[in-house]
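1. Sequence and predicted structure below; questions after.
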Amino acid sequence: MINEEEIEILINIRFGGWTMSKKAIGLYKLRNPENEFKDFSRHDPILVQIYKELGNEFDDRYSKTIIIKILKKYENYYDIDEYDGRESVKINYAKYKLDNIYNEIKKILQSNSNDSTKINEIEQFVSAFKL
């Protein structure tokens, strides 16, 4: 299998909700002053780096953060699922596949090929899915 690039996502594994320590929040604001603290993603490289540096000092007393890795290609297709504050990562594979199908058909339609060739290319592409 080809080595695919991964991203790291921070999640809370303790019931009660995810909150960071004041130290972690302060470091994030210091390193990323142009970003509103509420507008960050859980895979923000700055936030992940702060977690790695602070270790146990990253969390407040009610949280326990860990890193989950997913393939980078799913970066825009994951959600953090939460139950009583305890979190897990869910990937929306259906949306990922649909977006890829849409993008491939869009690429064919925007090509310089004639309409007949475009139709043939789309038919070949769709037939690969055995609908």
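-> Ah, there it is. Please read these numbers as outputs of a predicted model, since none were measured by experiment.
2. Need the three-state assignment for the residue sitting furthest away from the middle of the chain.
-> Ranked by distance from the centre of the chain (CA atoms, centre = their mean), the top residue is residue 116, with 38.1 Å. Of the three states, residue 116 takes helix under DSSP: H, G, I helix; E, B strand; the rest coil.
3. quick check, residue 82 in a strand?
-> Yes - with three-state DSSP as the criterion, residue 82 is part of a strand.
4. and it, how many neighbours does it have?
-> The number of residues packed near residue 82 is 13, by other CB atoms under 10 Å. Where C-beta positions appear, they are placed from N, C-alpha and C, glycine not excepted.
5. likewise residue 11?
-> The tally of other residues near residue 11 (other CB under 10 Å) stands at 19.
6. Same check on residue 59?
-> Counted with other CB under 10 Å, residues neighbouring residue 59 total 19.
7. swap in residue 64?
-> 16.
8. quick one: it and residue 11 touch, right?
-> No - counting by CB atoms under 8 Å, residue 64 stays clear of residue 11, with 9.6 Å between them.
9. returning to what we had before: mind checking how far the residue farthest from the centre of the chain is from residue 123?
-> To residue 123, residue 116 is 11 Å away according to CB to CB, to the nearest Å.
10. Repeat that for residue 44.
-> Applying CB to CB, the value for residue 44 to residue 123 is 42 Å.
11. can you check residue 79 too?
-> 34 Å.
12. hang on, the earlier thing: pLDDT score for the residue farthest from the centre of the chain?
-> Note on residue 116: pLDDT of 94.
13. How about residue 43?
-> We note a pLDDT of 95 for residue 43 in this prediction.
14. for residue 91, same thing?
-> 97.
15. Contacts for stretch 67-82, please.
-> Here stretch 67-82 makes contact (CB atoms under 8 Å, 6 or more residues apart in numbering) with 4-11, 42-43, 48, 51, 87-93, 95-96, 99.
16. Between the two ends of it, how far is it?
-> Counting by CA to CA, to the nearest Å, you get 15 Å between the two ends of stretch 67-82.
17. I'd like the mean pLDDT over it, please.
-> 96.
18. per-domain residue ranges of this protein.
-> 6-91, 95-127 (automatic domain parsing).
19. any idea which of these is most buried?
-> When those are scored by mean count of other CB atoms under 10 Å, the highest mean neighbour count falls to domain 6-91 (a mean of 15).
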